[in-house]
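# kindly generate the corresponding structure for this input.
(one chain, ligands or ions: 1)
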Amino acid sequence: MADARTTHHGSEPIKFAYWVPNVSGGLVISDIEQRTGWDIGYNRKLAQIAEAAGFEYALTQIRFTAGYGAENQHESVAFSHALLAATERLKVIAAILPGPWNPTLAAKQIATINNLTEGRVAINLVSGWFSGEFRAIGEPWLDHDERYRRSEEFIRALRGIWTEDSFTFAGDFYRYRNYSLKPKPIDPQPEIFQGGSSRAARDMAARVSDWYFTNGNTPENVAKQVDDVQGKAAAEGRRVKIGVNAFAVARPTEAEARAVVDEIIAKANPEAVNAFGHEVKNAGKASPEGEGNWAKSSFEDLVQYNDGFKTNLIGTPRQIAERILDLKDAGVDLVLLGFLHFQEEVEFFGREVIPLVRALEAERGRSRAAA
Ligand SMILES: Cc1cc2nc3c(=O)[nH]c(=O)nc-3n(C[C@H](O)[C@H](O)[C@H](O)COP(=O)(O)O)c2cc1C
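Now for the predicted structure:
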């Protein structure tokens with residue numbers, strides 16, 4: 001922990017991203033009222049609100065089939081482009097799943113969107129958790145660590161295609177011979193985020209990803225992951241940026257915020273939550289060390305798809321801002337946020353929380369300079 005605070009602390013202002021609700025049902029598996037739409041009209045307006053509120057990134061989701069409260073799912077790359085077209089500064093991270101995508105198609109699609117949007121598109125390379133989805137679309141379901149071996153090759157191939165002419169690559173999953181993509185992406189090059197935090201995921205992050213995205217967690221537990229990833233990355237002469245998920249509930253009093261979370265959990269759909277829990281734990285079983293994203297998730301944690309309650313951004317704007325600074329001290333560069341009522345709450349977060357975070361960052365900067 002001490003190491004994380006001293007060696008991995010980024011000096012830049014912490015960044016904010018939000019989960020794009022391009023999938024129906026919101027970000028919690030609950031029958032509580034959610035004033036969140038999954039259609040493009042709602043999402044265009046949300047992206048504009050987020051951009052004005054101080055969010056730098058938006059993350060789309062990829063799912064090919066329904067399940068666990070997500071009945072409808074718009075495709076991530078197409079949806080990301082629509083959001084980029086509706087905004088001016090926001091960067092949109094398009095989720096890409098190896099299997100349905102190969103690096104050839106992903107490189108071409110993303111290079112074109114990068115050219116059309118002055119470099120505002122990024123990708124989140126996900127590795128798959130839903131075996132039923134793979135079965136439904138006739139894709140082989142590789143075991144856990146094989147999925148990451150494929151993802152790593154995918155990223156190496158993407159970078160090669162984006163930066164080299166006559167790119168040649170002989171992998172176990174992908175092969176290229178004298179391939180020259182034209183046009184290539186313009187600068188800034190598309191950033192590569194990754195979803196997943198098992199040992200295989202961390203090792204991959206250390207070697208090839210620009211960003212490591214992990215499920216919600218406490219600053220102490222995030223710091224342990226940061227130490228691990230950054231230690232391995234340093235051995236490769238790299239630094240990986242760290243993003244952590246959180247479900248934010250900012251209300252004028254802590255009691256009001258807690259009551260919202262209690263209601264979300266009380267109205268959770270137990271069958272869907274348990275089925276989701278079974279699927280994700282099963283997906284990680286083949287990860288030998290049992291440290292995958294949901295290895296230690298309780299029923300309550302699983303009501304939010306990516307353990308977002310654990311990060312505890314639940315309370316008053318000041319409490320939340322202070323906890324964000326604790327995450328920053330643990331080595332976090334970006335907080336990825338989900339909300340119950342996205343448009344209203346992203347606007348509130350930008351107005352009430354982000355300025356407090358910036359004030360605390362400035363305060364800490366001053367006291368560090370004085371020390
Ligand atoms: C922030 C974040 C976003 C993710 N988005 C998606 C997604 O859109 N689609 C998907 O199939 N998996 C998604 N995943 C799942 C991961 O790619 C990965 O399969 C999962 O986290 C299991 O990883 P692990 O057991 O190796 O830790 C996401 C994960 C994280 C942390």
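# tell me the phi and psi of whatever residue of the stretch 101-250 of the chain ends up closest to the ligand?
Taking C-beta to the nearest ligand atom as the measure, the stretch 101-250 of the chain has Gly195 as its residue closest to the ligand, at 2.7 Å. Bear in mind the C-beta positions are built from the backbone N, C-alpha and C, glycine included. According to degrees, to the nearest 10, the main-chain angles of Gly195 amount to phi -100, psi 140.
# isn't it right up against Gly128?
No: at 9.8 Å, Gly195 does not count as touching Gly128 under the criterion of C-beta atoms under 8 Å.
# which of these two has more neighbours?
When Gly195 and Gly128 are compared on other C-beta atoms under 10 Å, the one with more neighbours turns out to be Gly195, at 28 against 23.
# contact partners for that one?
By C-beta atoms under 8 Å, 6 or more residues apart in numbering, the contact set of Gly195 is Ala95, Asn124, Leu125, Val126, Ser127, Phe213.
# JSON lines for the residues you listed, including neighbour count, distance to the ligand and pLDDT?
As requested, the contacts of Gly195 are exported to JSON lines (neighbours: other C-beta atoms under 10 Å; distance: C-beta to the nearest ligand atom, whole Å; pLDDT from 0 to 100):
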{"residue": "Ala95", "neighbour count": "23", "distance to the ligand": "4", "pLDDT": "98"}
{"residue": "Asn124", "neighbour count": "27", "distance to the ligand": "6", "pLDDT": "98"}
{"residue": "Leu125", "neighbour count": "26", "distance to the ligand": "8", "pLDDT": "98"}
{"residue": "Val126", "neighbour count": "21", "distance to the ligand": "3", "pLDDT": "97"}
{"residue": "Ser127", "neighbour count": "26", "distance to the ligand": "4", "pLDDT": "96"}
{"residue": "Phe213", "neighbour count": "27", "distance to the ligand": "4", "pLDDT": "96"}
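# out of those, which is nearest to Val303?
Proximity of the contacts of Gly195 to Val303 was ranked by C-beta to C-beta; the top entry is Phe213 with 19.7 Å.
# can you confirm the closest one is in a helix?
No: assessed by DSSP: H, G, I helix; E, B strand; the rest coil, Phe213 does not belong to a helix; its assignment is strand.
# does it touch Leu336 like I think?
Yes: with the criterion set as C-beta under 8 Å, Phe213 and Leu336 qualify as a contacting pair; they are 6.7 Å apart.
# joint contacts of the two?
Counting by C-beta under 8 Å, 6+ apart, the residues touching both Phe213 and Leu336 are Gly243, Val244, Asn245.
# please name the bridge partners of the first one.
Pointing back at Gly243 there. When assigned by DSSP bridges, Gly243 has beta-bridge partners Phe213, Leu334.
# just checking, it touches Asp210?
No: using C-beta under 8 Å, Gly243 and Asp210 do not qualify as a contacting pair, with a distance of 10.4 Å.
# of the two, who's got more company?
Relative neighbour count places Gly243 above the other of Gly243 and Asp210, with 22 against 19, counting by other C-beta under 10 Å.
# ok, that one - contacts?
Shown here is Gly243, whose contacts under the criterion C-beta under 8 Å, 6+ apart are Ala17, Phe193, Trp211, Tyr212, Phe213, Thr214, Val332, Asp333, Leu334, Val335, Leu336.
# host element of the second one?
It refers to Phe193. Here Phe193, judged by DSSP states H and E, is contained in strand 192-195.
# just the last one next, same as before
Taking DSSP H and E as the definition, one finds Leu336 inside strand 334-338.
# toward the C-terminus from that strand, list the very next helix or strand.
Sequence-wise, the next helix or strand beyond strand 334-338 is helix 342-348, with elements assigned using DSSP H and E.
# re the thing from before, got phi/psi on the residue lying closest to the residue of the stretch 101-250 of the chain closest to the ligand once chain neighbours are set aside?
Leaving out its chain neighbours, the residue that sits closest to Gly195 by C-beta to C-beta, 6 or more residues apart in numbering is Val126, at 4.4 Å. Val126 adopts backbone torsions of phi -100, psi 160, taken as degrees, to the nearest 10.
# the one 3 residues further on too?
Main-chain dihedrals, Trp129, degrees, to the nearest 10: phi -130, psi -10.
# returning to that earlier point: what comes up buried for the strand holding Phe193?
Of the residues in strand 192-195, those buried under the neighbour-count criterion (16 or more other C-beta atoms under 10 Å) are Ile192, Phe193, Gln194, Gly195.
# among those residues, show me the least confident.
On pLDDT alone, Gly195 ranks lowest of the buried residues of strand 192-195, at 85.
# give the buried residues for the host helix or strand of Lys224.
Of the helices and strands defined by DSSP H and E, Lys224 is found in helix 219-235. Applying a neighbour-count criterion of 16+ other C-beta under 10 Å, one finds Pro219, Asn221, Val222, Ala223, Gln225, Val226, Asp227, Asp228, Val229, Gln230, Lys232, Ala233 buried in helix 219-235.
# switch those over to JSON lines; also include pLDDT.
Conversion of these to JSON lines gives the following (pLDDT from 0 to 100):
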{"residue": "Pro219", "pLDDT": "98"}
{"residue": "Asn221", "pLDDT": "95"}
{"residue": "Val222", "pLDDT": "96"}
{"residue": "Ala223", "pLDDT": "97"}
{"residue": "Gln225", "pLDDT": "95"}
{"residue": "Val226", "pLDDT": "97"}
{"residue": "Asp227", "pLDDT": "97"}
{"residue": "Asp228", "pLDDT": "97"}
{"residue": "Val229", "pLDDT": "97"}
{"residue": "Gln230", "pLDDT": "98"}
{"residue": "Lys232", "pLDDT": "97"}
{"residue": "Ala233", "pLDDT": "98"}
